[in-house]
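Student: what's the 3D shape of this:
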Amino acid sequence: MWGFRSSTLANIFLLLLVAMSFSVNHVSAAKQFQNETDRLALLEFKKQIYDDPFGVLNSWNHSQHHCQWEGVTCSTRHQRVIALILRYKQLSGTISPHVGNLSFMRFIQLAENQFHGEIPQEFSRLKRLRVLNLSSNALGGKIPENLSYCAEMIAIDLTSNKLEGKIPIDQLSNLKKLEHFYLRTNNLTGEIPSSIGNLSSLIRISLDFNNLEGNLPMEMGLLKRLSIFSAAENKLSGIIPASIFNSSAITVISVADNSFHGNLPTNIGLTLPNLQVLYVGGNNLYGNFPTSITNASGLEILDLPYNKFAGQIPTNLGDLTQLKRANLNHNLFGNNSTGDLDFIASLTNCSNLRILSLSANTFGGNVPKIMANLSNQLTELFVGGNQLSGTIPEGFGNFVNLIQLGLELNSFSGIIPRDFGKLPNLQGLRLDHNDLSGQIVSTLCNNTNLYYLDLSFNQFEGGNIFDNVLMNCQNLQYLDISQNNFTGIISPHFLQTHSSLMYIKIGENLFSGSLPPEVGKLIHLVDFNVSHNQFAGDIPISLADCSNLENLFMQANFFKGTFPPNLASWKSIQQVDLSSNNLTGPIPKELEKLQYLRYLNLSYNNIEGEIPNTGIFSNASQISLIGNNKLCGGIPELEFPPCPVIKGKNRGKLKVVILLSIVLPATLLVLITVLLYILVYRKRERRLVAGFSSMPTGVDKLLRISYHELHRATSGFSSENLIGSGNFGAVYKGRLEKHGNMLVAVKVLDLRKNGASTSFKAEYKALRNIRHRNLVSIVSYCSSIDSKDDEFKALVYELMENGNLDLWLHPETTDKPTSSRSLNLSQKLNIAIDVASALQYLHNHCEAEIVHCDLKPSNILLDNDLVAHVGDFGLARLLPKPVNRSSEKEGSSTIAIKGTIGYAAPEYGMGLTASTLGDVYSYGILLLEMITRRRPTDDMFMDELDLHNYVSRALPEQVCEIVEPLILCKAGDGNRRMTPKRENINGGREMECVISLLKLGLKCSQRLPNDRMHMNEVVSKLHLIKDVFLGARVHQENLEV
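Tutor: Predicted coordinates:
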């Protein structure tokens, strides 16, 4: 990528030459134990490794010479260790300082493991060291200043760790041979020292994703060999020094998402003739487009979004014949006049152009017809959010590779060109919010891959669009044709053959007829809006079969009859509007039981009878019932008249019923109280003596802790020690004095809640015999009575000092210390891998399959090293192996499984059995939440929008509008609102990581279980994503170490 292939080959050849020069020969038995210093140093290194899941170090024993140990390379002549290469082995531990005794060491490659602690100061003894790669671990502390003694050093890669403090450039400036210096994705602070100019051999430096601040030093211009400079996602400010733009060797400048201001030099293309990549998006740059940029004929990526650039785009932009991506969105380009898009003609020379984004500027005039002559390699074209007018020209059918097309939010008129039906790979089409008219071309759905179609807010017309146009859109999931002039009926055949539809929005048209019963075939339907049309007839009973429905809008039609039965099947329903129809009969009692319903409008119908007063009916602000004159009762705030009192002959019977209803329960209550007192009194002594009597066997390895010790450890379960609460109880921080002042988390069950006792047993049963680094470790349990003689149950875990993931993702909800901290992309990727590894273990490597059933951020705990541990197994289910899906109902019924709304798999709401694929769904939602920092229950998710669809609609061109700003889009100074500044982020490999994670989250959170991945696949995919994320340093910066 970026045109570095020739130098890549040169570096690979160099490394191969070194490897060949020092390759290992088989050593004779006589030489097996020479060079004892090296052997002992390696064994000391092994001692510090406490987790070796692949058994990599099994060969490190006395049965063979240490030069034959896996990952060890020795010189041919002296049999001295010259390389330690243990990349991507998932080793956990610290790096032993004895590595400093390997005096002939030249290459250390320990990347992509789980080393923690600090970088040993003893590395300074390695005078021959050339390459040090410790990337993608959890190393903390500061960068050792004494690395300056390694005078032969060529490359240092410390990316993706937890390093803190300032960059010791002043000391490291002695490394005159240093060519590659990678520090991205750490917690480094301070300014970039001016002494960086002393690293005279430096070719590539990467400082992205840190907390560096201040100005870029002018001395950067002294680095005459510098080819790649990358410092995106920091807090840098000021003006980008002119000296950087005078370094003719530079091929890549990436300073996006900082707070730089000023202009780009007008002569940038003259002073940087070798420039291939320019990322300056997400700053406060202004001024006109630098016309000289066209002299950098090798430019492939031009990324300027979210700035304040203005004026016209030069008409010779197409002189950049190698251009692959031009992202100019969210600026002030154009003058809302004809001729604003004249530069498009020259872009026809860019035969490799794949992405062109001009959205959210002030371009005016018409779209030139010559746009149809752009490269047929084009995959994404966005011109939405401008002031363009006129008709959409013919010729778009030439873009046979086009995947996303956005023409929304303009003033286009006329009809949709017929050749839109010639785009075989088109997946998303937005034409909404224009003035388009006429009938929809019948060939539009020749694009069988089309799954997202938005034609809303136009003047389209025509009848039977479902049969005549949309029938061939077999993969359609999102359909919005609202606010048009369509007529006709909803075709029953269309509904029957498009069961993949999740969002149907056809409101404010002229549709008529009845709603076909085939609507019940839409089993994936989430949002259904047919409001403000002319529909009539009864609401079909089959609508209750749409059990995933969350939002239903049918207001302002002519529906009649009573409510359909079985409304209780709408277990996920949140909003219902049936107002302004002709509905009759009573309000169904089932509506009281819909626990997630938060908006109900039944106004202006002919409903009668008593208004319920529980559930949603207990909150007047969430319901509207006006215009129904035959209703009565309800809570006082609704201001309906009371229902009539029963009179006449029935009054005497009523008194008897009332009397019996009081006397009988009172008598029973007295008897039950006496019996309970006798039972409790008899058991009290036994339970005081044996606090563990009710638990199963297999507890010998756990600490035995009494109620009184837990009471003392938590200061009487004081509010000061309260660290969280869950479905069935509260969690307290405690210190066990009798066990070395061990810090623990004590989960106290609230046994008054239904299911709490079952939760206690389920959690213990799930955790008692399993051990994994990414699962919480159970320390003890207690089943006894408290000081009030009430039943007491508690589980005791090791304390995770960094709290739960929810506090880190949503710090605004707490005043805890984490509220001022955030997780970077590397940390989130590691947490995602940790959680996936835990689920993989539970699903595949336990004696019985364990299904967690309640995976969510608050159930994921983070230790001091931000390693994730999955906890709270109160809803867990154990499935016997081999899993017989046909017999799961007996042992794994989900009747009692509630999970958490938003995270629980949709099939659980339909009463299906627990399965590992349910956990996969929850993991997918968790992954989307980690990247977007949007809860699945966020208030913004209503109508047709949920978290899954929110992400799906944004991929790929609008990713930066949905991801957490702190990941990809820095805020500026403290006076500016933190907003995403870059719309299209596919360009960099690190950006591709975000897109890959979102796609993985979408794949895991598919509505149909069989469409989801298994956790083995998820873990494998995550490691590939991590390879790309970390390999970005290898590929982009061109170093294999």
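Student: got the domain ranges for the protein?
Tutor: 492-638, 690-799, 804-1041 (automatic domain parsing).
Student: between these, which one is closest to residue 103.
Tutor: domain 804-1041 (20.3 Å; C-beta to C-beta). For glycine as for every other residue, the C-beta is placed from the backbone atoms N, C-alpha and C.
Student: coming back round to it: in JSON lines: the domains of the chain, plus mean neighbour count, distance to residue 120 and mean pLDDT.
Tutor: Shown next, in JSON lines, are the domains of the chain (neighbours: other C-beta atoms under 10 Å; distance: least, C-beta to C-beta, whole Å; pLDDT from 0 to 100):
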{"stretch": "domain 492-638", "mean neighbour count": "19", "distance to residue 120": "54", "mean pLDDT": "93"}
{"stretch": "domain 690-799", "mean neighbour count": "17", "distance to residue 120": "23", "mean pLDDT": "75"}
{"stretch": "domain 804-1041", "mean neighbour count": "20", "distance to residue 120": "17", "mean pLDDT": "73"}
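Student: looking at the ones you listed, which is closest to residue 165?
Tutor: The closest of the domains of the chain to residue 165 is domain 804-1041. By C-beta to C-beta, the value is 16.3 Å.
Student: adding distance to residue 65, write the domains of the chain out as JSON lines.
Tutor: Converted to JSON lines, those look like this (distance: least, C-beta to C-beta, whole Å):
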{"stretch": "domain 492-638", "distance to residue 65": "61"}
{"stretch": "domain 690-799", "distance to residue 65": "32"}
{"stretch": "domain 804-1041", "distance to residue 65": "26"}
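Student: of all those domains, which lies closest to residue 46?
Tutor: Nearest of these to residue 46, taken as C-beta to C-beta: domain 690-799 at 18.3 Å.
Student: what about residue 96, how many neighbours?
Tutor: Here the number of neighbours of residue 96 (other C-beta atoms under 10 Å) works out to 20.
Student: so how far is residue 128 from it?
Tutor: Applying C-beta to C-beta, to the nearest Å, the value for residue 96 to residue 128 is 19 Å.
Student: got it, and residue 783?
Tutor: Look at residue 783 and residue 128: by C-beta to C-beta, they are 62 Å apart.
Student: ok, residue 164 next?
Tutor: Separation of residue 164 from residue 128 (C-beta to C-beta): 29 Å.
Student: then residue 907?
Tutor: Distance from residue 907 to residue 128, by C-beta to C-beta: 60 Å.
Student: correct me, but residue 736 touches residue 746?
Tutor: No. Contact between residue 736 and residue 746 fails when scored by C-beta atoms under 8 Å: they sit 9.5 Å apart.
Student: what's near enough to touch the residue sitting nearest the centre point of the chain?
Tutor: Central residue of the chain (C-alpha atoms, centre = their mean): residue 928, 2.7 Å from the mean position. Going by C-beta atoms under 8 Å, 6 or more residues apart in numbering, residue 928 touches 934, 936, 947, 948, 951, 998, 1001, 1002, 1005.
Student: ditto for residue 855
Tutor: Taking C-beta under 8 Å, 6+ apart, we find residue 855 in contact with 835, 839, 870, 903, 919, 922, 923, 926.
Student: rerun that using 6 Å as the cut-off
Tutor: Residues in contact with residue 855 (C-beta atoms under 6 Å, 6 or more residues apart in numbering) are 919, 922, 923.
Student: tell me the spacing between it and residue 388.
Tutor: Going from residue 855 to residue 388 by C-beta to C-beta gives 46 Å.
Student: do the same with residue 120
Tutor: Separation of residue 120 from residue 388 (C-beta to C-beta) stands at 61 Å.
Student: looking at those two, which is more packed in?
Tutor: Taking other C-beta under 10 Å, residue 120 and residue 388 do not tie; residue 388 has more neighbours (24 against 16).
Student: helix, strand or coil: sort out the more buried one for me.
Tutor: What DSSP: H, G, I helix; E, B strand; the rest coil gives for residue 388 is strand.
Student: so for it, what's the nearest residue that isn't a sequence neighbour?
Tutor: Nearest non-adjacent residue to residue 388, counting by C-beta to C-beta, 6 or more residues apart in numbering: residue 410, 4.4 Å away.
Student: residues near the one you found, how many?
Tutor: Neighbour count for residue 410, taken as other C-beta under 10 Å: 24.
Student: surely residue 53 meets residue 91?
Tutor: No. Using C-beta atoms under 6 Å, residue 53 is not in contact with residue 91, being 8.4 Å away.
Student: tell me which of the two has more neighbours.
Tutor: residue 91 (26 against 12).
Student: what's near enough to touch that one?
Tutor: Counting by C-beta under 6 Å, 6+ apart, residue 91 has contacts 49, 52, 113.
Student: how about 10 Å then?
Tutor: Listed by C-beta atoms under 10 Å, 6 or more residues apart in numbering, the contact set of residue 91 reads 45-46, 48-54, 56-57, 71, 110, 112-115, 137.
Student: quick one: mean pLDDT for stretch 179-188?
Tutor: Per-residue pLDDT over stretch 179-188 has a mean of 95.
Student: what does stretch 438-449 give?
Tutor: Averaging pLDDT along stretch 438-449 gives 86.
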